[in-house]
Structure formats: structure tokens, C-alpha cells
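[1] Build me a model:
(2 chains)
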Amino acid sequence: MKIASFNINGIKARIGALTDWLNDAQPDVAILQEIKSIDENFPADHFRDMGYIVETHGQKSFNGVAILSKLPLEDVTRGLPGDDDDEQARYIEATVIGDKKPVRICGLYLPNGNPAPGPKYDYKLAWMERLRQRATTLLELEEPFLMAGDYNIIPQKEDAEKPDSWREDALFLPQSREAYRKITSLGLTDAFRACNPHNPPASPPGHYTFWDYQAGAWNRNNGIRIDHFLLSPQCADILEDCQIDRDIRGREKPSDHVPIWVKLAA
DNA sequence: ATGCCGTTCGATGAACGA
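    Model prediction:
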């Protein structure tokens, strides 16, 4: 089973690039972030015609997440538990029925948090604590699950081409990385690092999932790794591969993020 | 030092992003 995550930065602007990538990469499941659309305006029929089940959790103009799946989905839930007043559409869950076993999929678009400090940063940290709570609940089930999406977290300096330039940014502040570690240290595996260990000091070119549209970031490989797959122990047991579809960033009318995917024996 | 660039809504720019 191939499961991909892709922050598309607007479905209206990306329907062509997304369709081309789906046809090339052929994921069984695509977890999307920043659809920037209400559910009614998401082109669900287009993806149904391609063989996908479509589940969205959208809002007007901003945020919004979705799951496209060629495999059956069960028990779809929308929104991250823990704050009934949170109206931002950033979280969706579903169970994918694989040929061998079911996997619970959590698709997330974690708040950016800038500027820090400030209310947006407070919201980010509170949201991460709610995500940690949700992970704790799911871990108690001792079943395969994964949390994938745009975490807006640079976990380590190796995950940025120019870490110094992110030193005071909400994506890289010590408090942000501590909140992220509190989630991974529950026992979740970073699938990309499990499959692509960083080997200092002979640093190879960095592996990134985001390059800013500005200042020639792509041409300079001035990127950051902020889209992640975190796997439960039972899911890490069946992990076969995890890679980043880097070349997508160089195509026509690209998103500023690229897809990252896992292959599971499920 | 600031903006660079891109998307959205809906306007002749503002808000937001990372």
C-alpha cells in the first residue's frame, strides 16, 4: 500500500499538477493539505473519475485537508479532538482497508505559528499538545496507524539548508521542536529518517519537502523538511520505504511543497 | 531592512503563508 502526503497550496490552482502527479506516482491513498476550499467547491467528481474515494474537511479560503483513496475507507472523522471552539479545518482521520490489514490514517495541517511569540504561536503549541493527546489515545489500541502531513516543524538542523535563518522562526524554535519531540518520543517513528538516515559529517545534499517561492529558493536548494510521516510501532513494523518526490517542485505551476510517501506491507 | 512569490477572495488590494 502506497500512501502519500502533499500540501497542494490550493486545489483550484493545483488541479492540473495534482492530477499529473497522481497519474505518475499512483498512490493508493493521497492525504492532502491546504485545499483552500469549502467541501462543496472541491472537484470531487474529477478524482472519483480517476478511481478515488474523496473525503474532505474544508473551509473558505484557508487551510482544509482531504483524503483520496482507491482502497475502501471506514470511520472517517473530521477535526482534532480537544477544543470544540477550534474552527480551523486542519485534521481528518480514516481507516484504510488494505489487502492484508487496516491502517488508521491521520491527515494533518499543523499551524504555522508565526509570528512567535504571539497568539498564533500559542495556538500552534496548544494544537501540538492536542495532537500528542490524540497519539496517546491511538497508541493504546496497539494497532497500525500513522500521522502524516504538513507539520510545519523542522525537527533538526540537518532538515534545513540554512538552519541559522530559521533560528527565530516558529518552525524551528526550541519550544516547537520540543513539542514535536514530545510526540515522537511517545514511540512514533519518523518514516523518512528510518529509511534515509542522515550521515554526518559527509553531508549529502539535504532532503527537503518545501522550498519558498521567493528568492530563488528552489534553484539554490534552500529548502526545509517539514512534511512528515510518523508511524505507530505496529505501522513501523510493516514500513517498506519512504521517499520524497522532489522533482515535482521543478514542474510547471508547482506547489511550494512536494509529496512524501510511504510503502507499507498492508 | 524589506520584500522577493503565490493563492484566495473579491477588489482595484488585504490577509496569509513559511
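[2] name the element the residue in the stretch 51-200 of chain A that DNA strand B sits nearest to belongs to?
    Proximity to DNA strand B, evaluated over the stretch 51-200 of chain A using CB to the nearest atom of the strand, is greatest for residue A:112 at 3.3 Å. The C-beta positions use only the backbone N, C-alpha and C, and glycine is treated the same way. Under the assignment given by DSSP states H and E, residue A:112 is not contained in any helix or strand.
[3] excluding its backbone neighbours, what's nearest it?
    Beyond its immediate neighbours in the sequence, the residue positioned closest to residue A:112 (CB to CB, 6 or more residues apart in numbering) is residue A:152, lying 5.1 Å away.
[4] from memory the residue of the stretch 51-200 of chain A closest to DNA strand B sits against residue A:123, does it?
    No. The criterion here is CB atoms under 8 Å, and residue A:112 misses it with residue A:123 at 9.6 Å.
[5] First-to-last residue distance for stretch A:141-150?
    End-to-end distance of stretch A:141-150: 25 Å, with CA to CA, to the nearest Å as the criterion.
[6] List the buried residues for that stretch?
    In terms of neighbour count (16 or more other CB atoms under 10 Å), stretch A:141-150 has its buried residues at A:143, A:144, A:145, A:146, A:147, A:148, A:149, A:150.
[7] Likewise for stretch A:172-192?
    Under the neighbour-count criterion of 16+ other CB under 10 Å, stretch A:172-192 has A:172-173, A:176-177, A:179-180, A:183-184, A:188-192 buried.
[8] Just these: which are in strands?
    A:189, A:190 (DSSP state E).
[9] Would you reformat the buried residues of stretch A:172-192 as JSON lines and include pLDDT and distance to DNA strand B?
    Written out in JSON lines, the entries for those read as follows (pLDDT from 0 to 100; distance: CB to the nearest atom of the strand, whole Å):
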{"residue": "A:172", "pLDDT": "96", "distance to DNA strand B": "10"}
{"residue": "A:173", "pLDDT": "96", "distance to DNA strand B": "12"}
{"residue": "A:176", "pLDDT": "96", "distance to DNA strand B": "11"}
{"residue": "A:177", "pLDDT": "97", "distance to DNA strand B": "15"}
{"residue": "A:179", "pLDDT": "97", "distance to DNA strand B": "16"}
{"residue": "A:180", "pLDDT": "97", "distance to DNA strand B": "15"}
{"residue": "A:183", "pLDDT": "98", "distance to DNA strand B": "18"}
{"residue": "A:184", "pLDDT": "98", "distance to DNA strand B": "20"}
{"residue": "A:188", "pLDDT": "98", "distance to DNA strand B": "22"}
{"residue": "A:189", "pLDDT": "98", "distance to DNA strand B": "23"}
{"residue": "A:190", "pLDDT": "97", "distance to DNA strand B": "18"}
{"residue": "A:191", "pLDDT": "97", "distance to DNA strand B": "20"}
{"residue": "A:192", "pLDDT": "96", "distance to DNA strand B": "17"}
